[in-house]
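Enquirer: Prediction below, plus the sequence it came from.
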Amino acid sequence: MFSFGSKQSDSQGASQAPQPAVLFKTAVRIRSRAANNATEGIPWIWVCAGALVTILLLIAGLFGVILSQGLSALWPHQVIKIQSENALVLGIPMRQEEGTDPNTNVKQMRRLVYQANRDFGVNEFAFVPVERLVESERPKDVWFVERREWGPFLGRIQTSDSNGVATDVDSKTLSAMLVGGAERSKQLLHIEKGALADLNATMEDLRLEKKSIERQLEAGAIPDDEATAKSSNVESQLARVSKDHAALSTQVQELRSVDEAIKITLLADNGQTKTLPVSQILRVFQPNSLSWIERLGIFFSRLWGFVSEEPREANTEGGVFPALFGTVAMTIIMTVFVLPVGVMTAVYMREIAKQGVLVSLVRIAVNNLAGVPSIVYGVFGVGFFCYTVGASIDQLFFQEKLPNPTFGTGGILWASLTLALLTVPVVIVSTEEALSAVPRSLREASYGCGATRMQTLWNIVLPKALPGVMTGLILAMARAVGEVAPLLMTGVVKLAPALPVDSHFPFVHLERSFMHLGFHIYDLGFQSRSTELSRPMVFASTSLLVAVVLSLNFIAIKIRSQLRKRFEGRGAF
Amino acid sequence: MLNPADLPSTFVHPESCSGPAQISIQNFNLWYGKSQALHSINLPILQHEITSFIGPSGCGKSTLLRAINRLNDLIDNVTVDGDIRVGERSVYERHLDVTSLRKRIGMVFQKSNPFPMSIYENVCYPLRISGITSRATLDEAVETSLRSSALWDEVKDRLKRSALDLSGGQQQRLCIARAIAGNPEVLLMDEPCSALDPISTAKIEELILEMKGRFTVVIVTHSMAQASRVSDHTAFFYLGRLIEAGPTKRLFENAHSKATQDYISGRFG
């Protein structure tokens, strides 16, 4: 009512000319408007809106910093010349800051420059006073070479003819050579990860079988002659497989020597050279003569490599595919455990148990569990799952492999179970809320039709509560994906030798340790050789982790809105 | 206003006792915790006729209705005394299967409460929970019930659509279709029109009149006009007691007790 009045008088005031006679009246009007503002709570609206804007800016800043730093790590930057003590050297300029020259103690503006060529006696990262950067000189013919080992290289690429005379290679010949090299590496990889790995697995199985026969013989479970027959059978199989293995290894050796014969030479600015097989080179480009389109092409190719390849060089280069896979796999396994257990617990507490002191106590306990620090769950996970449950499983089913643990150590299954334990309170609480929000009239309608309690629960109450359950699941997943502390103890590793899923029976290996994006970030940021070297990967991995969290949430929210649509009308079934 | 002490004893007109009783309520008392909501109700409800329960809010008419199919069991702390018989069997028999009792009694609620499912699934819900899976049986039951509730022509082309897309009046008729799909003996209606507009109300009243002869209908209503339009018998409740029951015409024109006359003529309530 107040606001209505004030606005009316306001518009009248605006239409009147400000004559001296009405000056006093106007002043009164202004004062009363101020009073009205106060009663309407206008200042409070501003304070609240200000808080909202602050939060929005913080979120935008967070994503902005992470994304820009992460994506810039993949962008092919230009190379400039830098005035060194006696010569011009190549480098990619990075951030600028104010620092003190260690020799002269003079304050100066300096810039971090990435010079690559780790194996050519060059400081990869160097601080250079700004005046020594020669921005104008951008040599068009400089190559940026991404290699399997020793990090990137900046400089020229040469080939030697039969007389040992080195000439600069033209890009056409180079790309043909690279295609050949990539082909040969692929072939080698195919044999090593395919047939050779299969043979290795078979040999391991046979060795275990042999051990098992010996154990049974010792225990007197099988007679001598049977044991002899069995083990000679295993021996002959083992001999056959070993022969195959040797043959395949020879083949690999031959391929490798062919591959290593085709070489190119890298020539750095400081005159040093290095000759290496072409197949060692992954990607080359001339950063100063790229068009925008080509730059974008390299950017996306690097982006794809980042999410689809395995890491190299102690995780500071290459991709993060195993970590991405581990993160998603762990979250899915966790969901498989947490959803049924959480929902069933909530259903029992809300729908079946008699509401009383005991149920209230359990409810308080569940709520408190949600607040227990995650590291506590980690300690519990390693103590209970790995060393108690896992060790018992090993005793029962994997005795041949002992003393090497199978389930008796950290693994993706135990990590997922630990996280399920960590997130189950969230699911219970939100499921309980969703169940209690199901209208009484719906239950009565179902009972009125002659439905039993279980039929009502299953057909009416649970479907209606499903969107609420999904909310809980989204919260649980969001918490689990970002959790690192409990994983440190229950099976995450810096570099996993194999994914938890592969082509060897039984295809899913839940006992294996795994890589995780959250741990990957921690490891890169705090455990690697050089902070500068791993910084781009830290931001790129962080962006990816954020993307994983957002897309998992997006999928869950999409499912929830489908469910809501279904249970609030609109649309067919 | 009458005090409980001044209340007259129950008077049931003899016309409402002649004929086969589908439901007989015998000396029935009900308590919510410690407070007594129903005081020794004695009332026969005649087979295949329409009986309406009237009375001011809180007089226990809905409670009595929900006692017939034992829906009050869902509320904690309800205790009963006395007996209600539906057909030959007592509702409060010791080892009675409540679900089979409720399958014999359809119920329509004050607020329409279709399940969040398709129209088809809503109607055949009582059959599905009885374990009937034959498509032909279900199809037939859905069509028959929807025709009986005068909804078939409106929804026959969208049986697979969500029931929540229907209008309020259609939803209530759908609930009636659902209540009669299992072919019950008794149909209980708890103020079925109180949330509807006059046109939807008229449609539902028409339906109730058509039910006569097929089901024993008990309807709780706040509207005196509705009671006089649809019901054969009327029972007037006040403060948890049955004051008077008899043929609707007798009650509305020439009630035996003063309280009934006062309430019907609108002098209190």
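Expert: Structure's in. What do you need? Numbers count the residues shown, from 1 in each chain, chains lettered A, B, ... in the order given.
Enquirer: Distance check, residue B:163 against chain A.
Expert: Taking Cβ to the nearest Cβ, to the nearest Å as the measure, residue B:163 falls 8 Å from chain A. For the C-beta atoms, the positions are set from N, CA and C on the backbone; glycine is no exception.
Enquirer: Same check on residue B:60?
Expert: Per Cβ to the nearest Cβ, residue B:60 is found 18 Å from chain A.
Enquirer: show me the contacts for the nearest residue to that residue once chain neighbours are set aside.
Expert: Nearest non-adjacent residue to residue B:60, counting by Cβ to Cβ, 6 or more residues apart in numbering or on different chains: residue B:240, 4.3 Å away. Neighbouring residues of residue B:240 by Cβ atoms under 8 Å, 6 or more residues apart in numbering or on different chains: B:36-39, B:59-60.
Enquirer: One more pass at 10 Å, please.
Expert: For residue B:240, the contacting residues are B:4, B:7, B:29-30, B:35-41, B:55, B:58-61, B:63-64, by Cβ atoms under 10 Å, 6 or more residues apart in numbering or on different chains.
Enquirer: Of those, select the buried ones using a PyMOL command.
Expert: Here is the PyMOL command that selects the buried residues among the contacts of residue B:240 (16 or more other Cβ atoms under 10 Å in any protein chain shown):
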select buried, chain B and resi 7+30+37+38+39+40+41+55+59+60+61+63+64
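Enquirer: Give me the subset of the contacts of residue B:240 lying in helices.
Expert: Among these, the ones falling in helices (DSSP state H) are B:61, B:63-64.
Enquirer: can I get these in TSV with pLDDT and distance to residue A:341?
Expert: Listed next are these as TSV, based on pLDDT from 0 to 100; distance: Cβ to Cβ, whole Å:
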residue	pLDDT	distance to residue A:341
B:61	89	45
B:63	92	40
B:64	92	43
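Enquirer: which of those lies closest to chain A?
Expert: residue B:63 (13.7 Å; Cβ to the nearest Cβ).
Enquirer: Write out the residues of the stretch 251-400 of chain A neighbouring chain B.
Expert: A:354-355 (Cβ under 10 Å from any Cβ of the partner chain).
Enquirer: Find the closest residue to chain B in the stretch 251-400 of chain A.
Expert: As assessed by Cβ to the nearest Cβ, chain B sits closest to residue A:355 within the stretch 251-400 of chain A, at 8.4 Å.
Enquirer: shaky segments in the stretch 151-269 of chain B?
Expert: Low-confidence segments of the stretch 151-269 of chain B (pLDDT under 70): B:268-269.
Enquirer: before we move on, what SS does the closest residue to chain A within it have?
Expert: Chain A sits closest to residue B:164 of the stretch 151-269 of chain B, with a gap of 3.1 Å, by Cβ to the nearest Cβ. Of the three states, residue B:164 takes helix under DSSP: H, G, I helix; E, B strand; the rest coil.
Enquirer: measure the nearest residue to residue A:509 once chain neighbours are set aside to chain B for me?
Expert: Nearest residue to residue A:509, sequence neighbours excluded (Cβ to Cβ, 6+ apart): residue A:500, at 5.3 Å. Applying Cβ to the nearest Cβ, the value for residue A:500 to chain B is 39 Å.
Enquirer: Quick one: residues contacting residue A:500.
Expert: A:322, A:325-326, A:329-330, A:333, A:411-413, A:491, A:507-515.
Enquirer: Whichever of these end up buried, select them in ChimeraX.
Expert: Remark: buried members of the contacts of residue A:500, expressed as a ChimeraX selection using 16+ other Cβ under 10 Å:
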select /A:322,325,326,329,330,333,411,412,413,491,509,510,511,512,513,514,515
